[in-house]
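1. need coordinates for the below:
(3 chains)
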Amino acid sequence: MSVDAVLSVEGLAVRYGPRTVLDGVSFDVPRGTVFALLGRNGTGKSSLVRCALGQQKPTRGATRLFGEDAWASRPRAMARIGVVPEEPDAPPDMTAAELLAFCAPLYETWDDAAARARLERSAVPLRAPFGTLSKGQKGAVMLALALAAAPELLILDDPTLGLDAVARRALYDELIGDLADRGTTALVTTHDLDGIEPIADRVAVLHGSRLVANEGLDALKARFRRVRCTGMAGPTSWEPFEPIATVEKDWGREAVVTNFTEERRAAFVARAGGSDVEVAALSLEEIFLALVGTAGARS
Amino acid sequence: MSAVLGIARREVHERRFLLAAAAVLGLGAAILRIVPSAWAKELGESLTLLLVLAFPAGAALAVGSSLIGRDLAERRLSFYFSRPLSAGALWAGKFLGGAALVAGAFLCCYVPMVLSWLRDGVSVEPQAGGYLLLGFLGLMGLAHVVITMYRSGSRLFALDLCFGAAFVGLLAVEVRHLTAAGAGYSLFHVLGPAALPAAAIATVVAAAAQFVHGGADARRGHRALSVAVWMLAFTALGSVALWGRWVLAVTPAEVGGAGELVVAGPRGSAVFFMGSSLKGRAGFRPVFLMDGQSGSYVRLPAERVTLPAFTADGGMAVWVAPSVSWWWYAAPFPREVMSFTGPGYGAGLAVARLKGGAPAIEERPLEQPDSAATALAVSAEGQQALVSGRSSVSLVDTASGRLLERLPLADVMAGDFLPGGVRLYVKEVDSSGRGAFVVLDWSPNSGARVERARVPGDSRRLWLLARRGDQAVVWMGGRGRLLVDAGRGTTLTLDSGSSDRPGTAVVLASGQVAMSLADEVRVVTREADVLARLPIEPGMHVYALGETAPGELAVGLWTRSLDERRTLFFDAATGAMRREEPGLIPATPGGGMRPQPEPGSFASRLFVESGGKLVALGPDGRRRTLVPTGP
Amino acid sequence: MLRIDPRDALPIWKQIEDGLRRMVGTGGLRPGRPVPSVRDLARELRVNPMTVSKAYQRLAEAGVLVVRRGEGTFVADGPPPLTRAERTRTMREAAARYVSLAVTMGVSRDEAASEVASAWDGTLRSREGER
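-> Coordinates of the predicted model:
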């Protein structure tokens, strides 16, 4: 466990009856990083987030917030955490102003003016009941409520789900602004891989109730490449690369390799002989698809 | 703390329309009662009752089921748990808000009603409001529990339903058992008010367990809630059962021994008595049927015992056992427990076999019972019973309760079995309001009726004072005391003094009559000649007269404070006082409802000490205390 | 203008660093002028401010940018004061990268060298234009 991990997940296992949703998941979210947690629908991201927030007791393992057990220290920890849930869960009859008034006394550091400024920026009416707001406005309110408490840790559970491009942009704007101003740590689960890619520091990928990746984004992108071999006289194996998602085509074959370095490329080219070798970098989305598209992908 | 208040305020604000509606309805009903129009008053009355009971109950159910129910259904609990709010604070805030709503709705309905009642001069029990409010809060908690179990989506709900059915079933069994044994008053008026706050507290505690253990995890919370609820519920049920056993185990000593109402069989040693104290166990005052020799006794529910009639040999006693519904006890206003000697709303005939040892009692359903039925007499062999009702007198088969014959005759005060028929003592009022005391012989087989005696007078002030064989002593206000001989058909005025008190009387074995007047006991002959006058000290009253041995007249005296009681024994022929027994008065109060006990019989020599101990006076004058030894 | 391509193999901070270097080199960012704040540039590019911060830090260490306390970050007035060895090493590394890129694309040495020459001319021309 890292000394300065704001959120720490240790051997987390969650089972609902016979169904295993998480099986021995461990990772740390270091202070000041933006940590992206990726996974397909139904892979247990929500359960993981609930356990991380101390709202669900896991079948095995533990989650720690600021060093203390999440379930036991939840009320204390929440004073330093801002949560933007997947489904906006504020009571529908409360207005934004009432929500601010309700939450303000719960926190020691509460910046009401900043929250109101945020809401104004997102064009959210203060006196309309929450239930009557649009999805984007609801999301803006939840984010404003989360940020107003100047939290040390932000947890965003699929914050851009269902938002149009404008609303999405606004959300990232607010988030980046907060990150720049206060160096907040953030855990983000999302399907918007293009949007989170420039922002994330670390990435973890959940697949089949386990983590198939957990590292810095730069390092992840550095070791993943798509390698294409044209021509028939190519090597039959991919050594020294470790490929996943290999494809045979009539013009040749290609694979996504997970351990790319320049040395390995030189070695492979040497073995390739006459055939052409093309190497292309992959976006986060392509890396994700390669990792979770294959059954039983090796990490 | 501010978090708790914030949440509470939120809950109230969310449902503020409920309070508004309550205020409007409550004021509206009160105004309707004030408006001078008659139909408005009536409308106001019914609206008021509906309001005070139905509206807060509905509000309690709605509030209770929506405290968590709505959040659970819409998965909004996470809103609270993502904030620095402890589960305890959330629970406290929600319940505080809910309680404020229910209390507010209740007061909006209740206060205007109470004010208008006070204005009308109706007295209001101050605790009634408190108990109602606690009841509604319990209802709120119950709604919360049910909705949590239903909405959590856990399969535990099916188990909860099973437990719920089992709990209700067992509770119904216990309630029925207790009310059948006559402890219904104790159950509903002593335990009931304690049960309401207990239920309210129990649901709140269970909800606390749910929140603290389960947090935002609805399934976990449901588990905790179910465990808490059922543990508390079945523990409470067990406690009620134990409490019931304890209540039913009341001994005669705990109810102050024998009170004034004691009835003994003409032979043998069976005694019916009710306690003198009002306390008992949780207000449970049964009637005891005890065998004087062995001391073994049976407890009978007072509401199901009316004045028993005995066979001549004292081997069997019969009485009408009215049916009492359990919901009589549950009315919000205290119901007067029917007295031991009062009339019953006939439903069954109880037959007790008294021959030696513990009494054995069976009950048969009465066929076509008349209302306000009492047993008057039992035939010598115990096969038939004479039962009078509000509008008829009936001959009933004791073995089956079947109706054998019925005579439509109201106000039959007493009766006897004669060879070939029955003799009835009737208080008659004709259509013009004239009254009479009538002695009638009725042959059920032939239907023939023969009038033996008729004494016109004010039947509203008519008391049957004593009966022995053909003779009956009657007091009629304004005419004094009269001796009616049904055999000869004669009426003799024993004392024409007008007094407003009937006093007591006894027909002696010699045929003379002893009766108590204002300041003396007078013994008169059959010809109304005064044989003796026995002065009574001022401050003492004659409680009862009896013939404890042929020619020996016992005069039981007591003071108002009941501390001083004494029986003086006189020679009936000469009026000389033979002896005095301090601290005792005759147990059987006399009266003409039943034939007098034979002089020297157990019943004639049964006395009650202060403190309620039953004492049998031996022929040698020795006292033998009847000790109840247990069922 | 500074452009970020997430698909590029180069880490984003490196792209920012290189982009800023290019802009300073072509005169798009004049010496002594302020550069956008970390916050503003992060928002504009929609990247993690730490990323921008890292690029700025490296450029400050390399002497391309200058951080003045309380005032902000500015373009350095003159060329960065590098030792001869540092300059050589930096140039050599950049050249090695350029060459392996060319080799893997199958470009001949002459073609690669001529590209260098025209890029040099182009950069100098725009620098002249900016003055």
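2. helices of chain A, residue ranges please.
-> A:45-52, A:74-78, A:96-103, A:112-121, A:135-148, A:165-182, A:193-196, A:217-223, A:262-272, A:284-293 (DSSP state H).
3. just put those helices in JSON lines and tack on distance to chain B, mean neighbour count and mean pLDDT.
-> In short, each C-beta sits where N, CA and C put it, glycine included. Shown next, in JSON lines, are the helices of chain A (distance: least, C-beta to the nearest C-beta, whole Å; neighbours: other C-beta atoms under 10 Å in any protein chain shown; pLDDT from 0 to 100):
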{"stretch": "helix A:45-52", "distance to chain B": "7", "mean neighbour count": "23", "mean pLDDT": "91"}
{"stretch": "helix A:74-78", "distance to chain B": "4", "mean neighbour count": "22", "mean pLDDT": "92"}
{"stretch": "helix A:96-103", "distance to chain B": "6", "mean neighbour count": "19", "mean pLDDT": "93"}
{"stretch": "helix A:112-121", "distance to chain B": "14", "mean neighbour count": "16", "mean pLDDT": "92"}
{"stretch": "helix A:135-148", "distance to chain B": "8", "mean neighbour count": "23", "mean pLDDT": "93"}
{"stretch": "helix A:165-182", "distance to chain B": "17", "mean neighbour count": "18", "mean pLDDT": "88"}
{"stretch": "helix A:193-196", "distance to chain B": "21", "mean neighbour count": "19", "mean pLDDT": "90"}
{"stretch": "helix A:217-223", "distance to chain B": "27", "mean neighbour count": "19", "mean pLDDT": "92"}
{"stretch": "helix A:262-272", "distance to chain B": "46", "mean neighbour count": "15", "mean pLDDT": "84"}
{"stretch": "helix A:284-293", "distance to chain B": "27", "mean neighbour count": "20", "mean pLDDT": "90"}
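4. now tabulate these in a markdown table and tack on distance to chain C.
-> Formatted as a markdown table, the helices of chain A follow (distance: least, C-beta to the nearest C-beta, whole Å):
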| stretch | distance to chain C |
| --- | --- |
| helix A:45-52 | 21 |
| helix A:74-78 | 24 |
| helix A:96-103 | 24 |
| helix A:112-121 | 12 |
| helix A:135-148 | 15 |
| helix A:165-182 | 4 |
| helix A:193-196 | 7 |
| helix A:217-223 | 4 |
| helix A:262-272 | 8 |
| helix A:284-293 | 7 |
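5. out of the ones you listed, nearest to residue B:273?
-> helix A:74-78 (65.3 Å; C-beta to C-beta).
6. what is the neighbour count of the nearest residue to residue A:8 once chain neighbours are set aside?
-> Distances taken as C-beta to C-beta, 6 or more residues apart in numbering or on different chains put residue A:64 closest to residue A:8, at 4.2 Å, once the chain neighbours are dropped. A count of nearby residues for residue A:64, using other C-beta atoms under 10 Å in any protein chain shown, gives 21.
7. is it true that residue A:64 touches residue A:71?
-> No - in this structure residue A:64 lies outside contact range of residue A:71 using C-beta atoms under 8 Å: 10.1 Å.
8. ok, the residue of chain C found nearest chain B - contacts?
-> Nearest residue of chain C to chain B: residue C:48, at 24.4 Å (C-beta to the nearest C-beta). Going by C-beta atoms under 8 Å, 6 or more residues apart in numbering or on different chains, residue C:48 touches A:34, A:176, A:179, A:198, A:199, A:200, A:201, C:12, C:42.
9. A strand includes residue B:394, no?
-> Yes - per DSSP: H, G, I helix; E, B strand; the rest coil, residue B:394 lies within a strand segment.
10. my read: it touches residue B:370, true?
-> Yes - at 6.7 Å, residue B:394 counts as touching residue B:370 under the criterion of C-beta under 8 Å.
11. any shared contact partners between the two?
-> With C-beta under 8 Å, 6+ apart, residue B:394 and residue B:370 have common neighbours B:387, B:388.
12. with neighbour numbers in mind, choose between these two.
-> Using other C-beta under 10 Å, the more surrounded residue of residue B:394 and residue B:370 is residue B:394, with 25 against 22.
13. what about that one, distance to residue B:388?
-> Between residue B:394 and residue B:388 the distance is 8 Å, computed by C-beta to C-beta, to the nearest Å.
14. list the residues that contact both of those two?
-> B:370, B:373.
15. for the residue nearest to the spatial centre of chain C, what are its contacts?
-> When C-alpha atoms, centre = their mean is applied to chain C, the residue found nearest the centroid is residue C:21 (2.0 Å). Going by C-beta under 8 Å, 6+ apart, residue C:21 touches C:59, C:64.
16. quick one: secondary structure of it?
-> Assignment for residue C:21 (three-state DSSP): helix.
17. how close does residue A:179 sit to residue C:6?
-> 17 Å.
18. whoops, residue B:473 was the one
-> 120 Å.
19. which one's more surrounded, these two?
-> residue B:473 (26 against 19).
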